[in-house]
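*Asks:* Sequence and computational prediction follow.
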Amino acid sequence: MKSGNNFIGFSSFFFLLIFSLIISNSCTRGEPKIVYGFLNLVLYQGESGPVEHFSLFILCEDEDGIENLDHLFLYHDREQLRWQIKSDEWQRYTFDGNEWIGTRSIAVFEGSLPHGVYRVVLVNKGGESAQRNFTYDGNVSFPFPALYISNGEYTINSLWPVNRLVCYDSSGNYSTTVTLNSRTGKISELRLPSSAVTAALWAEDESNFCSAFTDVAPLY
C-alpha cells in the first residue's frame, strides 16, 4: 500500500507539472516590436533663451496591446545618458488609425542634447523587450521665433519654413491648430473656434528635424 501511495503521489505530481508547463507556455507573451519612430529637437521659450527638449514617439506593437507596455528607455551610449519614461508618464496620440506613444520631455540639466545615435528600448509588463536605434544629426538654422497679438491682430517674427498657431481653451486644453500663410493678419480671419482663447506659435523646420514653440499669448 505504501508503494502504491508513492506511485499515486508521483503520478499526481507529474501530471501537475505537465499541466503547469502547458499553461505557462500558452500564457507566454511575445516580445514587443518598435515598428517606426522619430526623434525631433524642440526649442521652448525660456527665461534666458531657448531650452532644448527632444520629442520621442514610436509606433509599436505588442500581442497583448499597448496596455501591456510598461516603460520606455532612451540611451545615448557614447555620452552615457539614459532616460526612463514609464507608461503612466508617456503621451499617446492617434494618427491615421495608429496609436503612438512617447514624450516631449527629453532634456539634459546643462548644455545641449548630443547628436549621434540614440538607442530606444521598449519593455512590456512580462519583461520582454525590443530595441531600435535612431540618429539625430539635425541643426537649428533659424533664430527663435516670436508671436505678438494686439488689438485683434497677430504678427510673427519668424524665418522658419512652416509656422502654425496652436490654440487652447480657457482651461489650457488643446483647441485647434492653424497654419499661418502670412506673417501678419487679423485673428478673425483665421476662423478659430469660439473655445480658443490663447495661442502659441509652433515653428518647424522639417528638413532639420527641429521645431520651436513659444509661450502662449491671449488671443483677445
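*Replies:* Right, received. Where do you want to start? Numbers count the residues shown, from 1 in each chain.
*Asks:* Please parse this protein into its domains.
*Replies:* 1-28, 33-136, 146-218 (automatic domain parsing).
*Asks:* which stretches of this structure have low pLDDT?
*Replies:* Within the chain, the ranges that satisfy pLDDT under 70 run 1-29.
*Asks:* Now the most centrally placed residue in it: closest residue in space that isn't a chain neighbour?
*Replies:* Residue closest to the mean C-alpha point of the chain, counted by C-alpha atoms, centre = their mean, is residue 102 at 2.4 Å. In space, and not counting its chain neighbours, residue 102 is closest to residue 57: 3.3 Å by C-beta to C-beta, 6 or more residues apart in numbering. In short, each C-beta sits where N, CA and C put it, glycine included.
*Asks:* That neighbour: neighbour count?
*Replies:* 20 (other C-beta atoms under 10 Å).
*Asks:* which residues does it contact?
*Replies:* Residues in contact with residue 57 (C-beta atoms under 8 Å, 6 or more residues apart in numbering) are 37-38, 91, 93, 100-103.
*Asks:* partners of it in the sheet?
*Replies:* Note on residue 57: beta-bridge partners by DSSP bridges are residue 38, residue 102.
*Asks:* any idea how far residue 140 is from it?
*Replies:* Relative to residue 140, residue 57 is positioned 20 Å away (C-beta to C-beta, to the nearest Å).
*Asks:* got it, and residue 122?
*Replies:* Per C-beta to C-beta, residue 122 is found 29 Å from residue 140.
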